[in-house]
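Engineer: after the sequence you'll find the predicted model.
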Amino acid sequence: MEVNLLEAKAKLSELVERSVAGEEVIITKAGEPLVRLIKYEVDPNPCRLGLYKEAGISMGEGIHDGDDELAAMFDMKE
């Protein structure tokens with residue numbers, strides 16, 4: 001379904017309902033597509049920092065030790 005911006009302003013609630021129901025809604029301006037209204041979906045598997053720590057997994061000793069060659073490349077050598 002395509003609607004122009006003026007009509008979209010007047011019918012926003014209806015357009016949101018249609019989008020949630022699975023219908024593709026394209027909002028146009030001067031006949032050119034501007035945006036596509038789509039249903040928001042939560043990512044079922046978000047990337048979480050600290051996941052290994054929570055699971056009790058260790059990367060081993062020294063994993064966070066500095067690399068002298070890398071530090072020298074970025075002028076970070078002490």
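Structural biologist: The structure has been received and is ready for your questions. Quick caveat: nothing in here was measured; it's all calculated off a predicted structure.
Engineer: please make it C-alpha for all contacts and neighbour counts, starting now.
Structural biologist: Noted.
Engineer: could you point out which element follows the lowest-mean-pLDDT helix or strand in the chain?
Structural biologist: Between all helices and strands in the chain, the lowest mean by mean pLDDT, DSSP states H and E belongs to helix 51-55, at a mean of 75. Next along the chain after helix 51-55, taking DSSP states H and E as the criterion, comes helix 68-73.
Engineer: pLDDT of that next one, averaged?
Structural biologist: For helix 68-73, mean pLDDT rounds to 78.
Engineer: helices or strands up against the longest helix along the chain?
Structural biologist: For the chain, the helix with the greatest residue count under DSSP state H is helix 12-20. For helix 12-20, the contact count by 3 or more CA pairs under 8 Å, 6 or more residues apart in numbering; DSSP states H and E identifies strand 25-29 as packing neighbours.
Engineer: any chance you could list what contacts the strand it packs on?
Structural biologist: 1-5, 8, 15, 18-19, 33-38 (CA atoms under 8 Å, 6 or more residues apart in numbering).
Engineer: buried only: go through those residues for me.
Structural biologist: For those, a neighbour count by 16 or more other CA atoms under 10 Å gives the buried set as 3-5, 8, 15, 18-19, 37-38.
Engineer: give me the three-state assignment for the residue nearest the centre of the chain.
Structural biologist: Centroid-nearest residue in the chain: Asp43, 9.1 Å away (criterion: CA atoms, centre = their mean). Secondary structure, DSSP: H, G, I helix; E, B strand; the rest coil: Asp43 is coil.
Engineer: residues contacting Ala10?
Structural biologist: Contacts of Ala10 (CA under 8 Å, 6+ apart): none.
Engineer: tell me how far it lies from Val3.
Structural biologist: 11 Å (CA to CA, to the nearest Å).
Engineer: what does Met76 give?
Structural biologist: Taking CA to CA, one finds Met76 at 56 Å from Val3.
Engineer: Ile57: which of the buried ones among the contacts of strand 25-29 is nearest?
Structural biologist: Ile38 (38.5 Å; CA to CA).
Engineer: got the phi/psi numbers for Ile38?
Structural biologist: Per-residue torsions, Ile38: phi -130, psi 160 (degrees, to the nearest 10).
Engineer: find the nearest non-adjacent residue to it, please.
Structural biologist: For Ile38, ignoring the flanking residues on the chain, the nearest one in space by CA to CA, 6 or more residues apart in numbering is Ser19 at 5.6 Å.
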